[in-house]
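Undergrad: just coords:
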């Protein structure tokens with residue numbers, strides 16, 4: 001066995017959550033090792049649509065143009081007798097579900113949803129990770145791990161060679177999916193309905209069907225007639241997936257559907273008997289609704305399906321995972337750099353557990369699955385318990401030690417606190433910074449373009465004293481803080497004249513935004529000592545106690561400098 005290797009963070013699982021976490025940590029200047037037992041990226045489409053909050057995360061990483069270029073309009077769904085049939089009927093329930101809000105321009109600069117399946121997203125993220133110096137190792141599985149007060153010792157094995165390696169990490173993050181071995185090894189209990197009484201089959205195939213899918217490349221086609229009912233999902237011009245279901249209560253069994261039978265069904269659904277079809281893989285899948293009781297145990301964290309498994313009926317799985325990765329990344333980085341107390345890490349559970357649980361429960365119903373099982377899931381979640389898609393994606397408020405109300409008291413709540421409409425995103429502490437358009441150096445930008453992994457301080461036109469105060473407080477706290485004054489003669493010009501309504505502060509007020517884009521604190525008043533106030537605020541958000549301040553830890557030597565290949569897009573003027 002090779003000598004023990006040291007790294008700040010070990011990530012297990014290179015799906016959307018793991019790759020995003022690696023990139024988000026790298027943006028913060030934290031190196032990680034990411035191991036994945038698969039030999040390569042997955043070409044299976046699986047998660048297909050990204051919502052606007054996920055696109056905002058990639059915007060902050062400088063990857064949004066690549067994601068947009070790799071995708072297309074959000075998936076539509078059509079009903080046809082066969083794929084080759086000219087007649088089609090659009091299923092409006094799908095479009096209604098993804099519309100989210102009537103006026104998206106007030107909510108985000110991004111599309112409300114964007115088609116970029118896992119088969120396209122994973123390669124894109126892997127390329128970015130490689131270019132930015134992230135260490136990603138495929139064909140490598142986690143064999144065992146144990147943790148102590150100082151870190152985690154993990155044993156990995158290269159699946160092709162059998163070579164064992166020992167990695168000593170400050171922290172371990174399990175992004176290893178719905179059947180997480182890390183969650184099981186920790187003995188973390190799961191809550192929820194577990195596996196649902198629904199049985200699906202994913203049939204991956206190759207076929208020369210380019211002419212038949214032209215114009216439908218991002219769409220789903222429901223083929224429904226006696227003898228066949230399923231959805232065609234297009235992966236590429238020569239590859240696709242057919243999703244169907246069976247009912248064991250009617251005597252049906254997965255074993256009844258051999259590869260040869262699936263070949264005939266796929267060919268029948270395509271409607272062109274002369275089109276050659278080759279079955280690549282057949283996977284049985286039973287959706288589950290499971291939420292880990294704890295997202296953290298000591299120095300080990302759970303992200304993505306390992307933390308919150310949900311049916312794909314609302315398309316929330318990978319989106320919730322990536323947003324959880326963003327929440328955890330800046331907190332791990334702050335602790336590893338020595339700028340935050342380890343108590344900050346506990347806010348990952350406080351903030352993300354209610355959101356993960358809500359998303360998992362709400363995903364029990366949704367139009368996508370109802371198309372297949374014809375509404376048989378309606379009894380899983382009563383109508384009065386359902387919330388809007390907007391509330392799930394961005395209309396929620398964090399309550400934790402890392403959020404201060406205007407009176408500078410830490411906020412807390414055990415349940416997710418939801419907003420009903422985008423107009424309520426007005427800079428309230430614990431909510432995502434509202435979007436509105438600004439001008440910076442004669443360039444039109446969104447407020448969300450200011451968010452690239454740093455703390456951000458936005459101040460009103462009469463808030464000049466906040467700027468030197470912010471620089472001093474940031475230096476004292478050891479954090480990266482970008483400071484902007486809004487106003488005609490400020491750093492940022494408000495193109496809509498809406499800054500006061502959007503942020504709900506006075507001309508002397510200030511809004512402090514966390515690296516994940518959520519408002520940490522705001523005030524209407526300019527205090528006698530703005531630097532002293534900001535030092536208190538940063539200390540509280542970073543979870544330092546009064547006793548901690550006299551004995552701050554030294555920054556982690558292996559953390560490195562902030563990621564240099566993606567410079568801060570809008571530095572302070």
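TA: Good, I have the coordinates. Keep in mind that what you see is a predicted model, and the values were worked out from it rather than measured. Numbering: from 1, shown residues only.
Undergrad: Which helix or strand contains the residue nearest to residue 239 when sequence neighbours are not counted?
TA: Nearest residue to residue 239, sequence neighbours excluded (C-beta to C-beta, 6 or more residues apart in numbering): residue 206, at 5.5 Å. C-beta here means a position set from N, CA and C on the backbone, and glycine is covered the same way. Assigned by DSSP states H and E, residue 206 belongs to strand 199-207.
Undergrad: helix or strand right after that strand?
TA: Downstream of strand 199-207, the first helix or strand assigned by DSSP H and E is helix 210-213.
Undergrad: from the middle of its chain, how far away would that following helix be?
TA: Mean-position distance between helix 210-213 and its chain equals 32 Å (C-alpha atoms, centre = their mean, to the nearest Å).
Undergrad: Which element is encountered next along the chain beyond it?
TA: Proceeding N to C from helix 210-213, the next assigned helix or strand is strand 220-225, under DSSP H and E.
Undergrad: so what strands line up beside that following strand?
TA: Sheet partners assigned to strand 220-225 using DSSP bridges are listed as strand 77-80 (parallel), strand 228-236 (antiparallel).
Undergrad: if we can go back for a sec, do you know the pLDDT at the residue nearest to residue 239?
TA: pLDDT, residue 206: 90.
Undergrad: Can you tell me how far it is from residue 533?
TA: 63 Å (C-beta to C-beta, to the nearest Å).
Undergrad: Between those two, tell me which one has more neighbours.
TA: The residue with more neighbours, out of residue 206 and residue 533, is residue 533; 20 against 15, by other C-beta atoms under 10 Å.
Undergrad: thought the more buried one was touching residue 527?
TA: Yes: counting by C-beta atoms under 8 Å, residue 533 does reach residue 527; the two are 4.6 Å apart.
Undergrad: Run through the neighbouring helices and strands of the lengthiest strand in the chain.
TA: As assigned by DSSP state E, the longest strand anywhere in the chain is strand 164-174. Taking 3 or more C-beta pairs under 8 Å, 6 or more residues apart in numbering; DSSP states H and E as contact, the helices and strands that strand 164-174 lies on are strand 5-12, strand 140-147, strand 152-158, helix 181-186, strand 300-302, helix 317-336.
Undergrad: average pLDDT for the longest one?
TA: Per-residue pLDDT values over helix 317-336 give a mean of 97.
Undergrad: Okay, now the unreliable bits of the stretch 51-200 of the chain?
TA: 92-100 (pLDDT under 70).
Undergrad: Check the stretch 351-500 of the chain too.
TA: Residue ranges of the stretch 351-500 of the chain with pLDDT under 70: 367-378, 406-414.
Undergrad: just the strands in it please.
TA: 396-397, 417-418, 437-440, 443-446, 455-459, 481-485, 493-494 (DSSP state E, counting those that start in this stretch).
Undergrad: Please convert the ones you listed to a markdown table, extending it with mean neighbour count.
TA: Below are the strands of the stretch 351-500 of the chain laid out as a markdown table (neighbours: other C-beta atoms under 10 Å):
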| stretch | mean neighbour count |
| --- | --- |
| strand 396-397 | 22 |
| strand 417-418 | 16 |
| strand 437-440 | 17 |
| strand 443-446 | 14 |
| strand 455-459 | 27 |
| strand 481-485 | 22 |
| strand 493-494 | 18 |
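Undergrad: Tell me which of these sits nearest to residue 6.
TA: Evaluated over the strands of the stretch 351-500 of the chain, closeness to residue 6 peaks at strand 455-459, with 28.3 Å, by C-beta to C-beta.
Undergrad: how close does residue 347 get to residue 335?
TA: For residue 347, the distance to residue 335 - C-beta to C-beta - is 11 Å.
Undergrad: And the helices in the stretch 301-450 of the chain?
TA: 317-336, 346-362, 367-373, 389-393 (DSSP state H, counting those that start in this stretch).
Undergrad: could those go into CSV alongside distance to residue 499?
TA: Listed next are the helices of the stretch 301-450 of the chain as CSV, based on distance: least, C-beta to C-beta, whole Å:
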stretch, distance to residue 499
helix 317-336, 25
helix 346-362, 27
helix 367-373, 38
helix 389-393, 22
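Undergrad: Any idea which of these gets closest to residue 31?
TA: That would be helix 317-336 among the helices of the stretch 301-450 of the chain, by C-beta to C-beta, at 9.7 Å.
Undergrad: Can you mark which positions in the closest one are buried?
TA: By 16 or more other C-beta atoms under 10 Å, the buried positions in helix 317-336 come out as 317-336.
Undergrad: how far does stretch 519-527 sit from the chain's center?
TA: On C-alpha atoms, centre = their mean, the centre of stretch 519-527 falls 28 Å from that of its chain.
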